[in-house]
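Novice: here is a sequence with its predicted model. Questions after.
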Amino acid sequence: MKQILCLSHTPWQARPNRTQQLLARLSDIQILFFEPPVPRGMPSPKQGRKMRPHITVYTLPAPMFARWNHPSMQRRDEQRCANFMEKVLIHHHFREPVLWCTSPEQTVHLDQLAYSGLVYDCYREWDENYLDEESDLTCHADVVFAASPGLVQRLSPCNDSVHLLPNGVNDRMFTRPGLTVPLCLSQLPSPILGRVGDINGRIELEPMLRAAHTHPEWTFLLMGRVTPTVRSRLRRYPNIVLAGPVNPVELPDYLFACDVLFDLFHADTKGSDIIPPRMYEYLASGKPIVTMIDPDQVEPFPDVVYTAYDSAGFVRRCRRALEEESSLAAPRRQNYARNASWASRAKDALEILDRAGLF
């Protein structure tokens, strides 16, 4: 029986992340998914949750010692997690599964677990604090997946088996028949410019705020969590609407209600060539897209996305997007999304794993 032990850097989410999207489509493989410990004071989720017929989720035990204590205490916590995973493996009759890692922090478990092969899925750029750990993880891996050409270039000196595996999208969700404007959005003034994703202090809001001030007749719809500090700042703009987190099933309808979709700089990813999943969701909707990029950054979709380098350019590009008349742009965008389906990404991943002899 094919088996994977996945160490996830993030909890199992209602809005599936990259790891969940890929593993959910490896349906002929039994998977144990270990998520990080819950923060202190938060209720512990039920262990052994069956999220898919082939995926069972466990939450790692919370640390007993503070991170600033002696290193030996941290090693005891790490060993405690390893012992917990070993018991779960025995309970599910897993014997030397393929170990799927998603973070350099998980390097500590390479010598604590028995596995038949190692996969490192690098979905983001880690800062210099993780340089040694990421180098070790990359060197030991049988297969490395990288979410962008920049990550491939960064990791290739450590391993000859680094493969480009970009993010993807459930494209059919956004093109299904019967999409309608949600009732809660039906009274919003048009045009509506929408963004998917959480908003915090590390998002560079100035381009959107300038556009909201310059064009009070435009409605800016933010679909995601907003931190209290940012929320108080946005209250000064009556044409910025906070929809909160949107159920993944309803997201296609929310995008259908928008006239333009946009994205902003994030301090942690500014200059990165990683294309976030929401960009593929935008493409799948077929709607005009405006996004901020660095001047020296390569435009991934120059024929279907309006790009801006500063706030003034963002306002101009939004105007252009709202005036778009080409009937060819929407099908081209949707074709990009179709070629980036998560089903296609998972198929590519499985073929690479097969060629590497891991299954």
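Specialist: Ah, there it is.

Novice: which other helices and strands does the helix-or-strand element of the chain with minimal mean pLDDT contact?
Specialist: When the helices and strands of the chain are compared on mean pLDDT, DSSP states H and E, helix 71-91 comes out lowest with a mean of 88. Counting contacts by 3 or more CB pairs under 8 Å, 6 or more residues apart in numbering; DSSP states H and E, helix 71-91 is packed against strand 30-35, strand 55-59. From N, CA and C alone the C-beta is placed, and that goes for glycine too.

Novice: so what pLDDT did the spatially closest residue to G286 that is not a sequence neighbour get?
Specialist: Spatial nearest neighbour of G286, chain neighbours left out: A330 (3.5 Å); criterion: CB to CB, 6 or more residues apart in numbering. As predicted, A330 sits at a pLDDT of 94.

Novice: what about A330, which SS state?
Specialist: helix (DSSP: H, G, I helix; E, B strand; the rest coil).

Novice: shouldn't N247 be within a strand?
Specialist: No. N247: not assigned to a strand; according to three-state DSSP it is coil.

Novice: next, count neighbours for it.
Specialist: Residues lying near N247 (other CB atoms under 10 Å) number 10.

Novice: what about the residue lying closest to it once chain neighbours are set aside, which SS state?
Specialist: Closest residue to N247 apart from its sequence neighbours, by CB to CB, 6+ apart: A14 at 7.6 Å. When classified by three-state DSSP, A14 comes out as coil.

Novice: isn't A14 right up against P248?
Specialist: Yes. Look at A14 against P248 with CB atoms under 8 Å: they come within range, at 6.7 Å.

Novice: which one's more surrounded, those two?
Specialist: Between A14 and P248, counting by other CB under 10 Å, P248 is the more crowded of the two (14 against 8).

Novice: could I get the pLDDT score of the nearest residue to that one once chain neighbours are set aside?
Specialist: Distances taken as CB to CB, 6+ apart place R15 nearest to P248, at 4.9 Å, with adjacent residues excluded. Listed pLDDT for R15 reads 89.

Novice: and what of R67?
Specialist: 56.

Novice: cool, and N339?
Specialist: If you check N339, the pLDDT there is 96.

Novice: and S272, what's its pLDDT?
Specialist: If you check S272, the pLDDT there is 88.

Novice: contacts only, for the nearest residue to it once chain neighbours are set aside.
Specialist: The shortest distance from S272 to any residue other than its chain neighbours is 5.8 Å, reached at E125 (CB to CB, 6+ apart). Going by CB atoms under 8 Å, 6 or more residues apart in numbering, E125 touches G150, L151, R154, T269, S272, I274.
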